[in-house]
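> please find the sequence and the predicted model below.
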Amino acid sequence: MMRRLHSLRRLSGKALLLALCAGLPAAHAAEQTARGANSAKAAPAAQNKEAPAPKGEQFVDGIAAIVDKDVITLRELRDASQRIAGELQSRGIQVPDAQTLQHQVLQRLIMERVQRHEADRLGIRVDDAQIDTAIQAIAARNKITVAQLRQELEKSGTSWDGYRKSLRDEIRSDRLRQRAVDSTIVISDAEVDAFLKDQRRNPAFAAAPPQAAPQAQPQPQPQAAPEQAAAAGPMLYALAQILVRVPEGSSPDQLALLRKKAEGLLAQAKRGDDFASLAAASSDGPEALQGGVMGVRPLDGWPDLFVKAVSNLQKGQVSQLIQSGNGFHIIKVVDRGTAQPAPSRTARAPAPQAAPQPAPQPAASPQAPQGPTQVVQTRARHILIKTSTVMSDDLARQRLEQVRLRLVNGSAKFEEMARQYSQDATAPQGGELGWLNPGETVPPFEAAMNALQPGEISQPVQSPFGWHLIQVEERRDHDATDDLARMRARQTLFERRAQPAFEDWLEQLRAQAYVDNRLEKQQKIQQNNR
């Protein structure tokens, strides 16, 4: 189904720092800056000690690990370790010891390879033009030029090529999630009804605290605490986690050992040890080398377990131990504050690009009182051809061009071609999507659809799901007040499930892959010989 749910995507480390600076009050950014400044004096000496090789090991271009038929070399691991050590230092996060850092970095490289292989299998490609578009969006959202963005990144020690690579990986991961996971998540009408009912019972949920004092300024000032920000939008929470993963099928003894490890980390976090440094050294989460920071969302956009754990916590506080199907979580509220209301989703104000977004725009809370919301709805249908190793972008586009030619010259009907060729769940209904509200489909699809007159058929259009032909059947003005409230509720429920589901899917993907971690084997042999 091509209906889009506006989830807040995972962010790369650099984009995330920009997010916290641009999307929340500046208290957290100032804290990070201060920590970085405090460590600046030690930086010159540390630069020469970044990710040193373990004693007795000479880094040559040997093999660190094999993932399927792909090789991760020791040189690649060394370079990545040095780069990430520099990033941690620039953010004031203590760099783990060399062996721990290499372990964390190698785990990340292995997972990147696994994702890349699956993306290749599904025919997902990210070209330079898409990277350029993402960078322009990031710069625009931070109200700086691309040249200024590059200058700031290089000033922090991040190379431009490295940043582009991280964005490429980010977009590939995002498209992989959309293709493999998003379509499997179904939010029922009953769940939406229950969510809206709960919102009506708890009108302050995801809103500013009652004691919040409104400000005259349209933007929070750097010295203002998040709780003093204007209550113009829902309460945003920036959360970080330390995850102690419990492998599937663990014995009671293994579970007890992992719980003890998690309790030890919790005790360290509670006594004031630096959370980001603990996460970088000990977390099994995918965001470990970002100091554990998972992103910024409205409170009700986080998974239920996290919501219950942090809803009463203030900035800087740490939750108790949380157990889930993945293991044991320790959550820290990195920052919290209100945001300006999201712009209305109309045909004249299309949804933002699906590239990494440094300043997520949360939807207004479903319970917010509003007047009638008039929108232009579009009734449309489409034909989707997904790319794969055997169906390249060029081949998919050419096939749709041939189909379009038959439709335009009248030798075939759209609904017949959809039933025959479309790989979307709407194929049996002739590709019928029904009435669509603005912002309900992914941006490339919506932009192409909005450019069509009723009866027109688009040229082939590429989206994260594949290639489409779109036909607009009709348009109408519609009071979408109730529709938009339900759509926002559906988006929130979707976001709660999507990221955990994606992480579970990645774990399954990795379990199915062939991984030979030679560096880990070598380290175990060295430990046994001591």
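The structure has been received and is ready for your questions.
> how about the helix ranked longest in the chain: buried residues?
For the chain, the longest helix by residue count, based on DSSP state H, is helix 481-512. Buried residues in helix 481-512, counting neighbours by 16 or more other CB atoms under 10 Å, are found at 483-503, 505-507, 509-510. C-beta here means a position set from N, CA and C on the backbone, and glycine is covered the same way.
> try stretch 438-449
Buried residues in stretch 438-449, counting neighbours by 16+ other CB under 10 Å, are found at 438-446, 448-449.
> pick the one among the residues you listed closest to residue 197.
Nearest to residue 197 out of those is residue 440 (CB to CB; 22.8 Å).
> mind pulling the model confidence for that closest one?
On pLDDT, residue 440 comes in at 84.
> phi, psi for it please.
Torsion angles at residue 440 (phi, psi; degrees, to the nearest 10) stand at phi -90, psi -10.
> could you check how far it is from residue 483?
According to CB to CB, to the nearest Å, residue 440 stands 9 Å off from residue 483.
> wait, a strand at residue 96?
No. Residue 96: not assigned to a strand; according to DSSP: H, G, I helix; E, B strand; the rest coil it is coil.
> element containing the closest residue in space to it that isn't next to it in sequence?
Among residues not flanking residue 96 along the chain, residue 281 sits closest, at 3.9 Å (CB to CB, 6 or more residues apart in numbering). Counting by DSSP states H and E, the element that carries residue 281 is helix 275-282.
> what is the longest strand anywhere in the chain packed up against?
Ranked by residue count and defined by DSSP state E, the top strand of the chain is strand 466-479. Packing partners of strand 466-479 (3 or more CB pairs under 8 Å, 6 or more residues apart in numbering; DSSP states H and E): strand 374-385, helix 393-408, helix 414-421, helix 443-450, strand 461-463.
> could I get the buried residue list for it?
466-472, 475.
> tell me the mean pLDDT for it?
93.
> compute the inter-axis angle for that strand and strand 374-385.
160 degrees (axes from the mean of the first three to the mean of the last three CA atoms, to 10 degrees).
> mind exporting strand 466-479 as CSV, just the C-alpha atoms?
What follows is strand 466-479, C-alpha atoms only, in CSV (Å, rounded to 0.1, in the frame of the first residue of the first chain):
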residue,chain,number,x,y,z
GLY,A,466,10.0,1.3,-6.8
TRP,A,467,8.6,2.8,-10.0
HIS,A,468,5.0,4.0,-10.5
LEU,A,469,2.6,5.1,-13.1
ILE,A,470,-0.1,7.3,-11.5
GLN,A,471,-3.5,8.3,-12.8
VAL,A,472,-5.5,11.0,-11.1
GLU,A,473,-9.2,10.2,-11.3
GLU,A,474,-10.8,13.3,-9.6
ARG,A,475,-10.3,15.9,-6.9
ARG,A,476,-12.5,17.5,-4.3
ASP,A,477,-12.5,20.0,-1.5
HIS,A,478,-13.1,18.2,1.8
ASP,A,479,-13.4,18.9,5.5
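> mind listing what's buried in the helix or strand containing residue 79?
Using DSSP H and E, residue 79 sits within helix 74-90. For helix 74-90, the neighbour count (16+ other CB under 10 Å) marks 74, 76-78, 80-90 as buried.
> try stretch 398-412
Across stretch 398-412, burial judged by 16+ other CB under 10 Å covers 399-400, 403-404, 407.
> and for stretch 382-390?
Going by neighbour count (16+ other CB under 10 Å), the buried part of stretch 382-390 is 382-388.
> need those residues in a markdown table (columns: distance to residue 163 and pLDDT).
A markdown table is the format used below for these (distance: CB to CB, whole Å; pLDDT from 0 to 100):
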| residue | distance to residue 163 | pLDDT |
| --- | --- | --- |
| 382 | 35 | 97 |
| 383 | 37 | 96 |
| 384 | 32 | 95 |
| 385 | 33 | 94 |
| 386 | 30 | 91 |
| 387 | 26 | 88 |
| 388 | 30 | 85 |
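> ok, the residues you listed vs residue 303, which is closest?
Proximity of the buried residues of stretch 382-390 to residue 303 (CB to CB) peaks at residue 386, which lies at 28.9 Å.
> distance of that closest one from residue 513?
For residue 386, the distance to residue 513 (CB to CB) stands at 22 Å.
> also residue 433?
Residue 433 is 36 Å from residue 513, by CB to CB.
> more neighbours: which of the two?
Just comparing residue 433 and residue 513: by other CB atoms under 10 Å the higher neighbour count belongs to residue 433, 23 against 16.
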